[in-house]
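**Q** Quick check, what structure comes out for this input:
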Amino acid sequence: MNKIVTVFGSSVPKPGDEEYETAYQLGKILGKNGFNVCTGGYQGIMDAVSKGASEMGSKAIGVTVDIFNAKVSSHINEEICCSSLFERIEKLVELGDAYIILQGGTGTLVELSIVWEMFNKNLMNEKPIACHGKMWKNLVGIIDDRMKFEKRKHGFIYLTENIEYCAEYIVSNI
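**A** Now for the predicted structure:
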């Protein structure tokens, strides 16, 4: 069975937007390398990643929840419907053999934080995790400094502004 990369990111970008096209490229790279992808199943970055992966013959899994009243991506091959936001996040984390965090807002920050906390509390084995984009360098840097201060594990989140490096890191470490 193919490994699954869970990708978190904003629902806002549209086709033609830089963030959408970057996510589409990521999906294609992951699919070309034989990885399935898992996203929140809606539009924006989730749609773009799913589109890229499915075009390369890989499976695109969408984990959805009814509370958003949003349009499900037409590029997912399998939809997993959850009854709550927390169940959805838990399923997204559970399915991933690795994680990529793209640009996003508070929802994406929550998803990154939950994965990170699961690692910190040894609630799951560490898996490769990469953050793409300038916004994450500052945020991850601040929390990573705090982890050093608290003598916790730190420095395991790969940060890059290059989507090819981001994908290469995951492909090499999964």
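**Q** So residue 92 is in contact with residue 8, correct?
**A** Yes - with contact defined as Cβ atoms under 8 Å, residue 92 counts as touching residue 8 (7.4 Å). Using the backbone N, CA and C atoms, a C-beta is placed for each residue, glycine as well.
**Q** Strands of this structure, start to end?
**A** For the chain, the strands defined by DSSP state E occupy 4-8, 36-39, 60-65, 78-82, 98-101, 129-132, 158-160.
**Q** just to revisit the earlier point, for residue 92 and residue 8, indicate the residue with more neighbours.
**A** residue 8 (29 against 25; other Cβ atoms under 10 Å).
**Q** Once you drop chain neighbours, what's closest to that one?
**A** residue 111 (4.3 Å; Cβ to Cβ, 6 or more residues apart in numbering).
**Q** Around that neighbour, how many other residues sit close by?
**A** Counted with other Cβ under 10 Å, residue 111 comes out at 22.
**Q** wait, what's in contact with it?
**A** Taking Cβ atoms under 8 Å, 6 or more residues apart in numbering, we find residue 111 in contact with 8, 89, 92, 93, 101, 104.
**Q** Among the residues you listed, which one sits closest to residue 161?
**A** residue 101 (12.9 Å; Cβ to Cβ).
**Q** show me the contacts for that closest one.
**A** 7, 8, 9, 108, 111, 112, 129, 130, 131, 132, 136.
**Q** so the second one makes contact with residue 40?
**A** If I follow you right, that is residue 8. Yes - when contacts are counted by Cβ under 8 Å, residue 8 is listed as touching residue 40 (7.4 Å).
**Q** List the residues that are in contact with both of those two.
**A** residue 92.
**Q** okay if I get the contacts of residue 111 as CSV plus pLDDT and distance to residue 164?
**A** Formatted as CSV, the contacts of residue 111 follow (pLDDT from 0 to 100; distance: Cβ to Cβ, whole Å):
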residue, pLDDT, distance to residue 164
8, 98, 19
89, 97, 28
92, 98, 24
93, 97, 25
101, 98, 16
104, 96, 20
